[in-house]
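1. compute the structure for the input listed below.
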Amino acid sequence: FLQTLEEPFDKTLIFLLTENPARLLPTILSRCQKIYLHPMTVDELIRKLKQNHPEQENVQWIAGMSDGMPGIAEKIINHNGIQLYERLKMFFVAQNQLNVSQLFPFAKDVAKDSAQWTLAIHFIQRFLNEQAILNPLQQGEKYAHLYDWMISLIRKTDSLYLDKAQVLTDIILKISENLK
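-> Numbers count the residues shown, from 1 in each chain. Below you'll find the predicted structure:
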């Protein structure tokens, strides 16, 4: 694939689309011209979701949690994202309160479904960002380091075919270890 990016056939355009460029390998990123598509506003996304999913409840929550990304919003709707978030929230507790016996089965379930995996990572990224914003002086830097560590681990997961269930477990344990 890398050679195709470096030496494409004449008159060839290759488009790589991602919701999370941090997950792409640096060797691929360095060979691409980046065009950033800005997220939709929450109001725009709410209108679109109401138009495409008139029966859907919780449209405002979905639009807010998707950070203006229609693809994430669609995943939340089509892959039980609300239930996933509720289950994931149970693990955002201090380590001494963490129910480890429920963590690994949860991680195994999530790892089986690529859309659920993507949503779980998205929700965790949001959680870390929120923690850094809510605690800028005391712990903002700590959460920024956790975020960077998580992104690095996710890159390795894809490139080294690491066990996603174990990776998700490690991420949640590391976050729990840092919560007080």
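2. got a pLDDT number for residue 71?
-> Note on residue 71: pLDDT of 92.
3. could you report the neighbour count for the closest residue to it other than its chain neighbours?
-> Excluding its sequence neighbours, the residue lying closest to residue 71 (CB to CB, 6 or more residues apart in numbering) is residue 19, at 5.6 Å. The way it works is simple: take the backbone N, C-alpha and C, and place the C-beta from them, glycine included. Counted with other CB atoms under 10 Å, the neighbours of residue 19 add up to 16.
4. for the most centrally placed residue in the chain, what are its contacts?
-> The centre of the chain sits closest to residue 122, judged by CA atoms, centre = their mean, with a distance of 2.1 Å. The contact partners of residue 122, taken as CB atoms under 8 Å, 6 or more residues apart in numbering, are 19-20, 66-67, 72.
5. when you compare pLDDT across those, which one is lowest?
-> Among the contacts of residue 122, residue 19 has the weakest pLDDT, 71.
6. in the protein, where is pLDDT below threshold?
-> 138, 180 (pLDDT under 70).
7. apply 80 and report the result again.
-> Applying pLDDT under 80 to the chain flags residues 1-2, 19-23, 135-140, 158, 180.
8. appreciated, that's everything.
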